[in-house]
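Visitor: For reference, the sequence and a predicted model appear below.
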Amino acid sequence: MARNLEEKDVGDAARDIEATDVSTAAAAIEKVPAEKAAEIIDKVSTKKAADVLEQTTVETAAWVMESMSTDKLSGVVGKMATDSLTERLSEVSPSKVHEVDAEVLLLKMPDVPAEHLIGEVAPTPPPDLLPPVRMEETATKARYRTPEGRAGEWANLVATPPPVTKLLVRFTRAVQNIGLTLETLPELPSDLPELGQDTVVNSLFRVTPDNITPQNTDLAHFTFKLGKGWLKENRAHKWAVVLNRYDRDAGRWIELPTKWNAEDEDFVYYTATTPQLSTFAITGREQVRRLEWEVRELTINPASVGEGREVTVSATVVNLSEGEATFAVPLWVNNGVEDSQFITLVGGGQGTVVYTLVKEEAGVYAVRADRLMAGFVVKGPEVDVPTPTPAPTPMPAPTPQPTSTPVPVATTTPAPTPIPATAATPPTVSPTPEPAIQPAFAPPATEPPANAIPAWLIAVLGAIVLASVAAVYITWGKR
């Protein structure tokens, strides 16, 4: 069947897979090149695709998932068993996994730490900030000097030695001439407690700052790498790698939420954040396990603010272990780390972590703490638009009214009694007296308007009219 699948077009091959039992279909997919296998699986029903990928080897399933469309992969993830997903998705690239709907991943894999399943927008220093200068470097130690740190901005302080590839620190105030030394330790110092019995230690290192204090910084962001050979040799799962910080005040190790971030041919890269610097240990486990704490409630107040106004985010944290423990609880905004705070809780106890955010740009901000998500809106400045004053309605020009000298209305004179032809005497025409016309209203006496008809002209016109009428009757009488 596999040879037939290679020779057929994708649509026909998908119909064959759909009509074949799962075991036979999985065996056929194993022998098809990954790119075409992904095209075939994309056209198979979601349930059948999930069943087939659970029957293939982890390596084949990972190759196919890497080439599948994101929508199809999200659907398949929703249909697969949790154990199968944990084995297969961890072999897919982090960038591909982080394309899948986060809510689907969190629902299907409740025991996998959320940070491995959700991508990160990495913090970046200002582009014009000068990079750190390496002052000293050996195989186990590096000392750097950074010219400045700016208030509210990140600065890159170190880039070596391995396994650390970058250490960024965010400053709360302007600081000049910053020094930092990172030294790897060959073994656990005698004054520090052992790490967990089920963990294997990859490396230990100490960070010693110079001119950096909790008063002028609030967050550190590590990037480190582990060799794939080391992970395989120690049977450490990629999603069970943790950066631990030693808390001298509490006298215990604190597991920092660690994010599976990227991979290349030889290394797996991780990131982790911490509010404070100290001594650190990178550890791994064979089994993926959930964190010993979780966020049960996430509230934001207010949900809508203006630019530059405060937003309060509250997270209710529960200790899932039986003993007292300290946890680092990071807050993510638009998939970038915004803050992180320590909280110490008795076994089974709970407490609240409060963050204060201020955003200067209008927009929608997605907030996440552990597996809970919420959001808030920052509105732009409200522009007062004045209500336009309606323009006054122009009054129509007044129509000229009649004056005290009214225009007479011509009255037809009754026809005279015809005179016998023998006495051809013209009729006597008496002038018609002017009728008294009452004006429509009696305006106050004013000067006659400029366009009023003179009285003498009215009289002349009246005489002409009467003479014309008389002439008509005389002519008619002669006939």
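Guide: Yep, that arrived.
Visitor: Domain map for the protein?
Guide: 2-109, 133-284, 293-379 (automatic domain parsing).
Visitor: how about JSON lines for these, with mean pLDDT and distance to residue 116 added?
Guide: Quick note: C-beta positions are derived from backbone N, CA and C, even for glycine. Shown next, in JSON lines, are those (pLDDT from 0 to 100; distance: least, C-beta to C-beta, whole Å):
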{"stretch": "domain 2-109", "mean pLDDT": "93", "distance to residue 116": "8"}
{"stretch": "domain 133-284", "mean pLDDT": "95", "distance to residue 116": "4"}
{"stretch": "domain 293-379", "mean pLDDT": "97", "distance to residue 116": "12"}
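Visitor: Out of those, flag the one nearest residue 117.
Guide: Among the domains of the chain, domain 2-109 comes nearest to residue 117, with 4.3 Å by C-beta to C-beta.
Visitor: Just put the domains of the chain in JSON lines and tack on mean neighbour count and distance to residue 124.
Guide: Putting the domains of the chain into JSON lines (neighbours: other C-beta atoms under 10 Å; distance: least, C-beta to C-beta, whole Å) gives the following:
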{"stretch": "domain 2-109", "mean neighbour count": "18", "distance to residue 124": "18"}
{"stretch": "domain 133-284", "mean neighbour count": "17", "distance to residue 124": "7"}
{"stretch": "domain 293-379", "mean neighbour count": "16", "distance to residue 124": "10"}
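Visitor: Please convert those to TSV, extending it with distance to residue 117.
Guide: Compiled in TSV, the domains of the chain are given as follows (distance: least, C-beta to C-beta, whole Å):
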stretch	distance to residue 117
domain 2-109	4
domain 133-284	8
domain 293-379	9
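Visitor: mind checking which of those is nearest residue 127?
Guide: Across the domains of the chain, residue 127 has its closest neighbour in domain 133-284 (10.9 Å, C-beta to C-beta).
Visitor: Pull the residues that contact stretch 85-101.
Guide: Applying C-beta atoms under 8 Å, 6 or more residues apart in numbering, the external contacts of stretch 85-101 come out as 53, 58-59, 61-62, 65-66, 70, 73-74, 77, 80, 105, 108-109, 112, 117-119, 237-239, 260-263, 288.
Visitor: Now with 7 Å, please.
Guide: Stretch 85-101 is contacted from outside by 53, 58-59, 61-62, 65-66, 70, 73-74, 77, 108-109, 112, 117-119, 237-239, 260-263, 288, using C-beta atoms under 7 Å, 6 or more residues apart in numbering.
Visitor: Repeat that for stretch 370-382.
Guide: 106, 114, 294-295, 298, 300, 303-307, 311, 359, 361-367.
Visitor: What of stretch 221-237?
Guide: Counting by C-beta under 7 Å, 6+ apart, residues outside stretch 221-237 touching it are 90, 123, 163-168, 200, 202, 238, 241, 243, 266-273, 282, 284-288, 337.
Visitor: can you check stretch 271-282 too?
Guide: Stretch 271-282 has contacts (C-beta under 7 Å, 6+ apart) with 120, 163, 192, 195, 201-207, 209, 214, 218-224, 241, 243-246, 248, 253, 256-259, 261, 328, 330, 337, 340-342.
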